[in-house]
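In: fold the following and give me the result.
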Amino acid sequence: MALPQKRPPRARMTAKERREQLLDVSRSLFAQKGFEGTSVEEIAARSSVSKPVVYEHFGGKEGMYAVVVDREIQALTSALSGPLEAGGHPKVLLERTALALLTYIEENEDGFRILVRDSPVAQATGTFSSLIGDVATQVEHLLAEQFRRRRLNPRTAPIYSQMLVGMVALTGQHWLDARSPDKTEVAAHLVNLAWNGLSGMERNPQVTSRGTAIRPGAASGSE
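Out: Numbers count the residues shown, from 1 in each chain. All right, here's what the predicted structure looks like:
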């Protein structure tokens, strides 16, 4: 009678491999449950380690979350910086940037969910809003040049760049769950609204209502 063969001992992870495993597990949990809804106990259990191992590598949940967010910020920054640095017509840059953001969302759903979710440990220099602000600063210079060419006031470029980049970012958040239509079609509609809106801008826009509610029929001059 043959004796049952002993299973070979499972190879022990190196410290680097264990760290990456913990980050992968925590990234998934943070995306699903948020920072508050994720516990060190659950991270440890899913990683088949004890809680002290988690503390040994990251000092706690806050430290782990900070590393996850920093990695995602770097990945998204890299994805968006390429189109902005490539040069070309502003309309083409807008299209490339919109597609880059949507592609990042498509390929890094968990990461994007973490970035757009508020957290008490998020720092001013490591949040989605701060990244969007950095992108808007780059777009600001492009818009200012276009405004000069069109004889528009270049001093208004900062506010328009915030509007433009904010529109792209919020559309990306919506598309994260909707995933319809296709990302290329979404990018085309973004460019359609943004670029055609910019091309038809007035030199001195005014608020029609003067801060008061417009009565029905007032816009057409009827009493």
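In: what sits up against whichever strand or helix holds Ser78?
Out: Taking DSSP states H and E as the definition, one finds Ser78 inside helix 61-85. With C-beta atoms under 8 Å, 6 or more residues apart in numbering as the test, helix 61-85 has contacts from 22-23, 26-27, 30, 35, 38-40, 43, 54, 57-58, 93, 96-97, 99-101, 103-104, 108, 111-112, 114-115, 119, 121-123, 126-128, 131, 134-135, 138-139. C-betas here are computed from N, CA, C, even on glycine.
In: report the buried members of these.
Out: Restricting those to buried positions leaves 22-23, 26-27, 30, 35, 38, 40, 43, 54, 57-58, 93, 96-97, 99-101, 104, 108, 111-112, 114-115, 119, 122, 126-128, 131, 134-135, 138-139, with burial counted as 16 or more other C-beta atoms under 10 Å.
In: what's the neighbour count on the residue nearest to Glu95 when sequence neighbours are not counted?
Out: With C-beta to C-beta, 6 or more residues apart in numbering as the criterion, Glu95 has its nearest non-adjacent residue at 4.9 Å, and that residue is Val191. Per other C-beta atoms under 10 Å, the neighbour tally for Val191 reads 19.
In: so Val191 sits against Ala98, correct?
Out: Yes: with contacts counted by C-beta atoms under 8 Å, Val191 reaches Ala98, the gap being 6.6 Å.
In: least confident secondary structure element in the chain?
Out: The helix or strand of the chain with the lowest confidence, counting by mean pLDDT, DSSP states H and E, is helix 128-149 at a mean of 84.
In: how far does it sit from its chain's centre?
Out: Centre-to-centre, helix 128-149 and its host chain are 16 Å apart (C-alpha atoms, centre = their mean, to the nearest Å).
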